[in-house]
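Chemist: Okay, here's the prediction I keep looking at, along with the sequence it came from:
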Amino acid sequence: MFRCPNCGLKASGDYCQWCHYPILRGVPKRGRKSKKQEAAEARERAQREAVEAKEAEVVPPTRVITSKAANRLERH
Ligand SMILES: [Zn+2]
């Protein structure tokens, strides 16, 4: 059992079952990430996702499916 540092309720497991705050066992309180750090990581993650979305646009999987479907239609 832990006391959730976020909502203060008793929680067990890796996440608080009340507010889903991740309980990091063995990590001192001052080792917690700062809001600034979290914001920077979130921004980084969003940028990476945007790049991945752009890469996905270059080879759209729907196009492959539709061309295959078109071939199948032509055969029939
Ligand atoms: Zn909590």
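Modeler: That came through fine. Numbers count the residues shown, from 1 in each chain.

Chemist: Stretch 13-24 and the ion, are they touching?
Modeler: Yes - using C-beta under 5 Å from the ion, stretch 13-24 reaches the ion at 16, 18-19, 21. For glycine as for every other residue, the C-beta is placed from the backbone atoms N, C-alpha and C.

Chemist: Which of those residues are buried, as a PyMOL select command?
Modeler: In PyMOL syntax, the buried subset of these is picked out as below (16 or more other C-beta atoms under 10 Å):
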select buried, resi 16
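
Chemist: just curious, which of the residues of stretch 13-24 next to the ion is nearest to residue 44?
Modeler: Using C-beta to C-beta, residue 21 comes nearest to residue 44 of the residues of stretch 13-24 next to the ion, at 21.4 Å.

Chemist: The spatially closest residue to that closest one that is not a sequence neighbour: what's it in contact with?
Modeler: The shortest distance from residue 21 to any non-neighbouring residue, by C-beta to C-beta, 6 or more residues apart in numbering, is to residue 6 (3.7 Å). Counting by C-beta atoms under 8 Å, 6 or more residues apart in numbering, residue 6 touches 16, 19, 21.
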